[in-house]
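Novice: Next one to model:
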Amino acid sequence: MTVRDLLAFLDREPSQPMHWMLPDGSFVPAHFHITEVGRVQKDFIDCGGTRRCQTSCLLQIWVADDTEHRLVSTKLADILRLAGPVLQTDDLPVEVEFEQHSISQYPLAGVEPTPAGLLFTLGSKHTACLAPETCGVDGSDCCGPAGPRPVLFVCIHNSARSQMAKAFVNQLCPESFVASSAGLEPGQLNPLVVEAMQEVGIDISAATTTSVAEVLAEGRQFDRVITVCDEASAERCPTFPGPVAREHWGFPDPSAATGSHAEKLAQVRQIRDAIRQRITDWCRLACLR
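Specialist: Here you go, the predicted model:
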């Protein structure tokens, strides 16, 4: 989730209490405060000699003895805007630093309204070799001479979620996977999704929708089939021949977005960023599986 997405969400949900859930399911104490908002840039060289740069917005969560203190969504939005000159751009991914048993950093995976307030879900960060083909840690089943493995993403209409997942995989880890997409009942490409993807430099406007039945009829083989719709719809996905690994990554349906064009686009951006984060983490771990 980017700073822009977070601000848009906070503005839609003013004066709400906030709850931050850690990856293990526990929660940050409710009387937390955001004590720092920083632009963190890591310039580095991977073990293959490639120069890389990663930049993020880091929110520091601090818990004091003032148990009556409560930070609400409007105040957090004010703090983020105050940090604008330091951040320089609102397109940075948001991460959270919190000290529990040790100081850890967590990517902000998502936020949703609940009857008790806003629920912020924190993800996990992982390490991985970014140049396995150069430094010699690549295995025979990944990133090796056999080439990228075929993976199929499936949603209901092949109009949004599966198209975004396919595009991100083919952009982020083409050495490991070659992605295709299909729908249970193919429809029309969602124009909001096209617009949201163009914002991050990926043009899917020429993409076509296809059905799972067509893919099966073509006899194509896949290493993995990953459903990205709701769980009930995922159960309708047919069985593919061969030793295919099945996975389910559920994401909200962009076609369910409501409100004005700007409001619907903001909701689609949240789904886009959640898919991108999941794909990014998956690609980083690809050569460790």
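Novice: tell me the SS of the nearest residue in space to Asp43 that is not next to it in sequence?
Specialist: Among residues not flanking Asp43 along the chain, Cys53 sits closest, at 5.1 Å (C-beta to C-beta, 6 or more residues apart in numbering). For the C-beta atoms, the positions are set from N, CA and C on the backbone; glycine is no exception. Put simply, Cys53 is strand when judged by DSSP: H, G, I helix; E, B strand; the rest coil.
Novice: My read is that Cys53 contacts Val40, right?
Specialist: No: using C-beta atoms under 8 Å as the test, Cys53 is too far from Val40 to be in contact (11.3 Å).
Novice: ranges for the strands of the stretch 1-150 of the chain?
Specialist: Remark: strands assigned in the stretch 1-150 of the chain by DSSP state E, counting those that start in this stretch are 18-21, 32-45, 51-63, 94-99, 103-114, 117-122, 149-155.
Novice: Minimum distance to Ala274: which of those has it?
Specialist: Go through the strands of the stretch 1-150 of the chain one by one with C-beta to C-beta and the one that ends up closest to Ala274 is strand 103-114, at 5.5 Å.
Novice: gap between the closest one and the chain center?
Specialist: 11 Å (C-alpha atoms, centre = their mean, to the nearest Å).
Novice: What lies in contact with it?
Specialist: Outside strand 103-114, the residues that touch it by C-beta atoms under 8 Å, 6 or more residues apart in numbering are 1, 6, 9, 13, 16, 19, 22-23, 58, 93-98, 118-125, 270, 274, 277.
Novice: Now for the residue nearest to Asp43: which residues touch it?
Specialist: Contacts of Cys53 by C-beta under 8 Å, 6+ apart are 41-44.
Novice: and it, what pLDDT?
Specialist: Looking at Cys53, its pLDDT is 75.
Novice: re the thing from before, go through the strands of the stretch 1-150 of the chain and pick out the most buried.
Specialist: Burial of the strands of the stretch 1-150 of the chain is given as mean neighbour count (mean count of other C-beta atoms under 10 Å); strand 149-155 ranks first at a mean of 24.
Novice: Report the angle between the next helix or strand after that strand and strand 149-155.
Specialist: Next helix or strand after strand 149-155 toward the C-terminus (DSSP states H and E): helix 161-172. Angle, helix 161-172 to strand 149-155, by axes from the mean of the first three to the mean of the last three C-alpha atoms, to 10 degrees: 150 degrees.
Novice: Can you give me the buried ones in helix 161-172?
Specialist: For helix 161-172, a neighbour-count test (16 or more other C-beta atoms under 10 Å) marks 161-170, 172 as buried.
Novice: now stretch 189-205
Specialist: For stretch 189-205, the neighbour count (16+ other C-beta under 10 Å) marks 189-190, 192-194, 196-197, 200, 202, 204 as buried.
Novice: Now for the residues you listed: which two are most distant?
Specialist: Leu189 and Val200 (16.6 Å).
Novice: Contacts for stretch 165-182 next, please.
Specialist: Applying C-beta under 8 Å, 6+ apart, the contact partners of stretch 165-182 are 133, 142-143, 148-155, 158, 162-163, 197, 202, 204, 207, 210-212, 214-215, 220, 222-223, 226, 228, 249, 275-276, 279-280, 282-283, 286-287.
Novice: how far does stretch 191-203 sit from the chain's center?
Specialist: Centroid displacement of stretch 191-203 relative to its chain, using C-alpha atoms, centre = their mean, is 15 Å.
Novice: for the stretch 151-289 of the chain, which spans come out with low pLDDT?
Specialist: The stretch 151-289 of the chain contains residues with pLDDT under 70 at 239, 241-242, 285-289.
Novice: domain ranges for this structure?
Specialist: Domain ranges of the chain: 3-122, 135-284, per automatic domain parsing.
Novice: and the shortest one, how far out from the chain's middle?
Specialist: Put plainly, it is domain 3-122. With C-alpha atoms, centre = their mean, you get 15 Å for domain 3-122.
Novice: swap in the longest one?
Specialist: Taking the mean C-alpha point of domain 135-284 and that of its whole chain, the gap between them comes to 12 Å (C-alpha atoms, centre = their mean).
Novice: SS state for Ala266?
Specialist: Secondary structure, three-state DSSP: Ala266 is helix.
Novice: hang on, it packs against Leu7?
Specialist: No: judged on C-beta under 8 Å, Ala266 makes no contact with Leu7 at a distance of 9.6 Å.
Novice: picking that back up, make TSV out of the strands of the stretch 1-150 of the chain and add distance to Thr258.
Specialist: Formatted as TSV, those follow (distance: least, C-beta to C-beta, whole Å):
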stretch	distance to Thr258
strand 18-21	23
strand 32-45	29
strand 51-63	28
strand 94-99	24
strand 103-114	13
strand 117-122	18
strand 149-155	19
